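1. All I have is the shape, not the residue letters:
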């Protein structure tokens, strides 16, 4: 008998929670360390941190929290499953793949949420900032996390060589953290790199999340939403193709 | 039966182990150098993006701190990864069973990794200086500075991995350490910016002194009390050797 979609979704949430019961607390702790630690650590680079720089760091680092689980952890996990041989088994489970993907998105979101909150609280307290949080932060964070999860799934399912998938996700950490205008203004990058970043997802993710947290800093927000949505849609197509290919 | 011993035998064993280690590490070499450049020069460039407009003195601080990041990457990640990989594969048991003094085997590993670290450090320095358009004042002291730093990082990384002896635990510790090292070490910024308790911790750990020794060898007037930094690096190296000797003899 076929399982209904909502039932399959809940079952996959339960499956993921059970499957990752050892990973998730560690991952959540790593994300908190990454977020709060980074927000504090970057301040040390400045003798006297300007408020504008602090705003960028504090509103940018939560974006890294939101996408790390989906973009970095998932491809490494699937690479491990492929090496172990459990990948094919998981793919053969009798649940709609959209339900499985959405279940993982839910788990990734729940893992990132404490880190996002703690990063913001730590950053605001350290740099004495006043954020103007608007309801728009909710869709911005949901879309950012979704795009991260879909991109991660696209790498995980589209790149079949475990080593290549690991390498791709490790490279992405470096690109996200060092070469994308997430926690610093795009103007501080060389011109060509800033231009490239207009079409990459990370800077735009930061723009939409920042627009929901402070007023008057983020510009060209609708375009940023379009860029992030386009990457999410493109990644979803790759995932559908990669999984469909396997029948 | 004669047990072979004496300086001549030790030297011959050392030379043989050197050939063994070089042959075993040849696939590693490009990865090792790439990783160092990525963390050394890469971080120096990335910190520049975060800070935005850099005055020349701040840029000099960042550039002269970059080699320390490359050294720490080699010692903390490279050497530890090599040691744990050999632990998992059982290679150490094989090496200890060879008819060579264990001190010769360890000395050869230290030599190879100390020297392997140098090209990555030099490339990091060159890249970082080029990025910020700086001219460095390289003194002859750069030779002992590079060698002692690289030897210290290799020795400490090796001793740490051998002492812990559990690859999963070692990897977790190294991953946590590298984050702390990259973000909270007074290498890319003056130690006075740290909270007092953390500054005190860094006056015992070797990271700050490593940064000072390397910085002094390519700049003028930025570093004071250099003798203390050299002494601390030498002390950490010696402590790592004592720990290594204890672990290696125990087996």
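-> Thanks, I have it. Note that the structure is a prediction, hence the values are computed from the model and not measured.
2. Please make it C-alpha for all contacts and neighbour counts, starting now.
-> Fine.
3. Show me which residues of the helix or strand containing residue B:58 are buried.
-> Under the criterion of DSSP states H and E, residue B:58 resides in helix B:56-72. Within helix B:56-72, the residues that count as buried by 16 or more other Cα atoms under 10 Å in any protein chain shown are B:58-72.
4. ok, which stretches of the stretch 51-200 of chain B are helices?
-> Counting by DSSP state H, counting those that start in this stretch, the stretch 51-200 of chain B has helices at residues B:56-72, B:80-89, B:91-97, B:102-131, B:142-164, B:167-184, B:196-202.
5. out of the ones you listed, nearest to residue B:17?
-> The closest of the helices of the stretch 51-200 of chain B to residue B:17 is helix B:102-131. By Cα to Cα, the value is 5.7 Å.
6. Does anything pack onto that closest one? Which helices or strands?
-> If contacts are counted by 3 or more Cα pairs under 8 Å, 6 or more residues apart in numbering or on different chains; DSSP states H and E, helix B:102-131 sits against helix B:7-25, helix B:28-51, helix B:56-72, helix B:142-164, helix B:226-250.
7. Identify the residues contacting the first one?
-> Right, helix B:7-25. B:100-101, B:104-105, B:107-109, B:112 (Cα atoms under 8 Å, 6 or more residues apart in numbering or on different chains).
8. Report the buried members of these.
-> In the contacts of helix B:7-25, burial by neighbour count holds for B:100-101, B:104-105, B:107-109, B:112, counting by 16+ other Cα under 10 Å.
9. Tell me the one among those residues nearest to chain A.
-> Nearest to chain A, judged by Cα to the nearest Cα, of these is residue B:112 at 26.5 Å.
10. which helices and strands sit right next to the longest helix anywhere in chain A?
-> In chain A, with assignment by DSSP state H, the single longest helix is helix A:97-127. Packed against helix A:97-127, as judged by 3+ Cα pairs under 8 Å, 6+ apart, are the following elements: helix A:5-19, helix A:23-32, helix A:38-43, helix A:51-68, helix A:137-158.
11. Which stretch among those helices approaches residue B:47 most closely?
-> Across the helices and strands packed on helix A:97-127, closest to residue B:47 is helix A:38-43 (Cα to Cα), at 8.6 Å.
12. Mind checking the pLDDT average for the closest one?
-> Taken as a whole, helix A:38-43 has a mean pLDDT of 90.
13. neighbouring contacts of that helix?
-> By Cα under 8 Å, 6+ apart, the surrounding residues in contact with helix A:38-43 are A:49, A:54, A:57-58, A:61, A:119, A:122-123, A:126, B:50, B:183-184.
14. for the residue sitting nearest the centre point of chain B, what are its contacts?
-> Centroid-nearest residue in chain B, with Cα atoms, centre = their mean: residue B:153, separated by 2.8 Å. Contact analysis of residue B:153 by Cα under 8 Å, 6+ apart lists B:71-72, B:74-76, B:237.
15. Which two among these are spaced furthest apart?
-> The span of these, defined through Cα to Cα, is set by B:74 and B:237 at 15.2 Å.
16. Have a look at those two and say which one is more surrounded.
-> Legend: neighbour count by other Cα atoms under 10 Å in any protein chain shown for residue B:74 and residue B:237, higher for residue B:74 (31 against 22).
17. and that one, what does it touch?
-> Residues counted as contacts of residue B:74 (Cα under 8 Å, 6+ apart) are B:32, B:35-36, B:117, B:153-154.
18. try 10 Å this time
-> Neighbouring residues of residue B:74 by Cα atoms under 10 Å, 6 or more residues apart in numbering or on different chains: B:32-33, B:35-37, B:39-40, B:68, B:80-81, B:113-114, B:116-118, B:120-121, B:150, B:153-154, B:157.
19. Near residue B:172, how many other residues are there?
-> Residue B:172: 10 surrounding residues under other Cα under 10 Å.
20. Pipe the contacts of helix B:7-25 into JSON lines and attach distance to residue A:132 and pLDDT per row.
-> Shown next, in JSON lines, are the contacts of helix B:7-25 (distance: Cα to Cα, whole Å; pLDDT from 0 to 100):
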{"residue": "B:100", "distance to residue A:132": "68", "pLDDT": "87"}
{"residue": "B:101", "distance to residue A:132": "67", "pLDDT": "88"}
{"residue": "B:104", "distance to residue A:132": "64", "pLDDT": "91"}
{"residue": "B:105", "distance to residue A:132": "62", "pLDDT": "89"}
{"residue": "B:107", "distance to residue A:132": "60", "pLDDT": "91"}
{"residue": "B:108", "distance to residue A:132": "60", "pLDDT": "91"}
{"residue": "B:109", "distance to residue A:132": "56", "pLDDT": "88"}
{"residue": "B:112", "distance to residue A:132": "56", "pLDDT": "87"}
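21. Export those as CSV, with columns for distance to residue B:216.
-> Shown next, in CSV, are the contacts of helix B:7-25 (distance: Cα to Cα, whole Å):
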residue, distance to residue B:216
B:100, 39
B:101, 37
B:104, 32
B:105, 33
B:107, 28
B:108, 29
B:109, 28
B:112, 25
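22. distance of the spatially most central residue of chain A from chain B?
-> Centroid check for chain A by Cα atoms, centre = their mean gives residue A:67 as the closest residue, at 1.0 Å. Distance, residue A:67 to chain B, by Cα to the nearest Cα, to the nearest Å: 18 Å.
23. And residue A:154, by the same measure?
-> Residue A:154 is 26 Å from chain B, by Cα to the nearest Cα.
24. Residue A:98: neighbour count?
-> Residues near residue A:98, counting by other Cα under 10 Å, number 15.
25. Wait, it touches residue A:9, no?
-> Yes: Residue A:98 lies in contact with residue A:9 (Cα atoms under 10 Å); the separation is 8.4 Å.
26. any common contacting residues for those two?
-> Residues touching both residue A:98 and residue A:9 by Cα under 10 Å, 6+ apart: residue A:104.
27. where in the chain is pLDDT low?
-> Just going to use chain A. Scanning chain A for pLDDT under 70 picks out A:1-2, A:246-247.
28. actually chain B
-> B:1-3, B:251.
29. Not counting its neighbours along the chain, what's nearest residue B:129?
-> Once flanking residues are discounted, residue B:129 sits nearest to residue B:63: 6.0 Å by Cα to Cα, 6 or more residues apart in numbering or on different chains.
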